[in-house]
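S.K.: here's a sequence, model it:
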Amino acid sequence: MRYNRLGNSELKVSEICLGTMTFGDQNSEADAHAQIERALERGVNFIDTAELYPVPPKAETHTRTESYIGSWVGANPGRRDEFVLASKVTGRSRMLPWMRGDAGELPQLDRSNIERAVEGSLKRLQTDYLDLYQIHWPDRNVPKFGEARFDPDRDWDANPIHEQLEVLADLVEAGKVRYIGLSNETPWGVMEFVRLAAEHDLPRVVSIQNAYNLLNRAFEDGLDEIAYREEVPLLVYSPLAFGHLTGKYLDGAAPDGARLSLYPEFGNRYAKPGVEPASRAYVNLAHEAGLDPAPMALAFCRHQPFTASTIIGATSLEQLDSNLDSLEVTLDDDLLAKIDEVHRRFTNPAL
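M.R.: Residues are numbered from 1 along each chain as shown. As a prediction, this is how the structure comes out:
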């Protein structure tokens with residue numbers, strides 16, 4: 001296991017991060033604890049969660065993931081400093097009127113909502129501090145979760161980024177949050193956070209958590225240079241494209257217990273015409289190289305110079321071990337060139 005520094009912070013995170021969005025739905029509390037134990041045993045020192053989890057989000061299950069992690073932390077009080085713990089505050093969404101218990105109100109990123117969100121996360125996680133606190137998605141109008149274009153006609157009055165940074169600065173000052181990060185953010189958004197932090201002596205974001213995989217390399221269209229030059233490295237989520245890059249959904253297959261078999265509507269961002277032929281091409285390429293498709297896809301994400309950590313999610317210890325075994329896979333220049341050739345034929349079909 002290698003460890004990478006997050007931006008200009010003191011945090012060094014394992015190149016594989018334990019994702020937890022199945023805890024509380026597909027995984028029980030006992031499953032969650034077993035995964036945490038196994039990940040730590042194998043050198044993972046980074047756990048990522050969110051107040052919204054598990055997903056798909058539901059009123060009756062949201063926040064359960066943090067509670068499951070927190071019950072492990074509470075049962076192992078001497079081990080909190082062994083790992084970097086990250087969570088997220090939910091951005092504005094009309095689909096989540098029940099968020100934070102405010103029936104009929106929209107969760108958003110004003111002072112009251114951010115402060116209540118972090119207090120809730122700390123209580124559920126049974127910790128006094130979060131190493132990394134991320135804005136789950138922007139409070140303003142931006143393309144979200146598979147949308148390809150910005151639509152100015154949908155604009156609204158958003159809570160200013162400067163004000164969001166001021167609240168986060170207070171949380172850092174109070175010792176409740178060590179560092180801050182972004183998620184599902186755009187190039188303009190990252191640069192605005194960086195600019196305002198510098199102008200007003202406010203905390204600087206140290207990471208960005210965005211979708212990135214062989215079917216969606218949009219991060220390379222501007223955010224990659226920003227990540228490098230501004231020291232805001234990528235935390236990759238969805239490196240297997242909801243499982244499409246394993247090949248398990250080819251030819252209309254719906255394996256028992258698979259996320260898209262249980263929640264087919266949840267994978268709409270991948271329900272696009274080019275996804276199947278692109279997935280098949282990458283699966284075939286992996287087999288030609290003598291690799292399983294999943295380790296190849298994970299290794300590709302780790303290989304990128306702008307990546308600090310790749311978030312993996314599993315529903316069993318066997319799947320978790322398999323994902324961690326991908327650390328042994330390296331991609332040579334010839335295979336990377338072949339991957340780029342497939343990318344030219346099927347450019348970002350999941351976007």
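
S.K.: only C-alpha atoms from now on, for both contacts and neighbour counts.
M.R.: Fine.

S.K.: which residues touch residue 227?
M.R.: Residues near residue 227 by CA atoms under 8 Å, 6 or more residues apart in numbering: 233-234, 306.

S.K.: which of those residues tops the neighbour count?
M.R.: For the contacts of residue 227, the largest number of neighbours (other CA atoms under 10 Å) sits with residue 234, at 30 neighbours.

S.K.: for that residue, list the residues it contacts.
M.R.: 207-210, 227, 306-309.

S.K.: got a list of contacts for the helix or strand hosting residue 334?
M.R.: Residue 334 is part of helix 333-345, with elements assigned from DSSP states H and E. Helix 333-345 has contacts (CA under 8 Å, 6+ apart) with 214, 278, 281-282, 285, 289.

S.K.: now with 7 Å, please.
M.R.: For helix 333-345, the surrounding residues in contact (CA atoms under 7 Å, 6 or more residues apart in numbering) are residue 281.

S.K.: and the helices in the stretch 1-150 of the chain?
M.R.: Remark: helices assigned in the stretch 1-150 of the chain by DSSP state H, counting those that start in this stretch are 29-41, 64-75, 111-125.

S.K.: what about the stretch 1-150 of the chain, any weak spots by pLDDT?
M.R.: 101-105 (pLDDT under 70).

S.K.: now with 80, please.
M.R.: Applying pLDDT under 80 to the stretch 1-150 of the chain flags the ranges 100-107, 145-148.

S.K.: could you pull out the strands for it?
M.R.: 3-5, 12-14, 16-19, 46-48, 84-89, 130-135 (DSSP state E, counting those that start in this stretch).

S.K.: for the residue nearest the centre of the chain, list the residues it contacts.
M.R.: Nearest residue to the geometric centre of the chain (CA atoms, centre = their mean): residue 237, 3.9 Å. Contacts for residue 237 (CA under 7 Å, 6+ apart) come out as 209-212, 310-311.

S.K.: of those, which belong to strands?
M.R.: 209-211, 310-311 (DSSP state E).

S.K.: separate out the buried members of the residues you listed.
M.R.: Buried members of these, counted by 16 or more other CA atoms under 10 Å: 209-211, 310-311.

S.K.: about what we covered before: tell me which of the helices of the stretch 1-150 of the chain sits nearest to residue 22.
M.R.: helix 64-75 (7.6 Å; CA to CA).

S.K.: and the closest one, what does it pack onto?
M.R.: Counting contacts by 3 or more CA pairs under 7 Å, 6 or more residues apart in numbering; DSSP states H and E, helix 64-75 is packed against helix 29-41, helix 111-125.

S.K.: contacts for that helix?
M.R.: 20-21, 23-24, 29, 32-33, 49-51, 53-54, 80, 121, 124-126.

S.K.: same thing with stretch 22-32?
M.R.: Contacts for stretch 22-32 (CA under 7 Å, 6+ apart): 54-55, 61, 64-65, 68, 315.

S.K.: please repeat the previous calculation with a cut-off of 10 Å.
M.R.: 20-21, 33-35, 37-38, 49, 53-58, 61-69, 71-72, 257-259, 262, 313-317 (CA atoms under 10 Å, 6 or more residues apart in numbering).

S.K.: can you give me the helices for the stretch 251-351 of the chain?
M.R.: Remark: helices assigned in the stretch 251-351 of the chain by DSSP H, counting those that start in this stretch are 259-262, 275-288, 293-303, 317-325, 333-345.

S.K.: which of these sits most buried?
M.R.: Ranked by mean neighbour count, those are led by helix 293-303 with a mean of 22 (mean count of other CA atoms under 10 Å).

S.K.: starting at the chain centroid, how far to that one?
M.R.: Its chain's average C-alpha position is 16 Å from that of helix 293-303, according to CA atoms, centre = their mean, to the nearest Å.

S.K.: now that helix and helix 275-288, what's the angle there?
M.R.: Put simply, helix 293-303 runs at 90 degrees to helix 275-288, going by axes from the mean of the first three to the mean of the last three CA atoms, to 10 degrees.

S.K.: which regions of the stretch 151-300 of the chain lie under the pLDDT threshold?
M.R.: 257-260, 264-267.

S.K.: 50 - rerun?
M.R.: For the stretch 151-300 of the chain, no stretch has pLDDT under 50.

S.K.: roughly how far does the residue located most distally from the centre of the chain sit from residue 265?
M.R.: Seen from the C-alpha centroid of the chain, the residue lying at the greatest distance (CA atoms, centre = their mean) is residue 288, 29.9 Å away. Relative to residue 265, residue 288 is positioned 32 Å away (CA to CA, to the nearest Å).

S.K.: do residue 73 as well
M.R.: 33 Å.

S.K.: counting neighbours, go ahead and name the busier of the two.
M.R.: Ranked by neighbour count (other CA under 10 Å), residue 73 and residue 265 place residue 73 first, with 19 against 11.

S.K.: right, and residue 304 touches residue 225 too?
M.R.: No: contact between residue 304 and residue 225 fails when scored by CA atoms under 10 Å: they sit 11.8 Å apart.

S.K.: in terms of neighbours, single out the busier of these two.
M.R.: Each of residue 304 and residue 225 has its neighbours counted (other CA under 10 Å); residue 225 has more, 16 against 12.

S.K.: run the chain-centre distance for the host helix or strand of the more buried one.
M.R.: Using DSSP H and E, residue 225 sits within helix 223-229. The gap between the average C-alpha position of helix 223-229 and the chain average comes to 18 Å, counting by CA atoms, centre = their mean.

S.K.: kindly report the same for stretch 52-72.
M.R.: 15 Å.

S.K.: just give me the neighbour total for residue 220.
M.R.: Count around residue 220 with other CA under 10 Å applied: 14.
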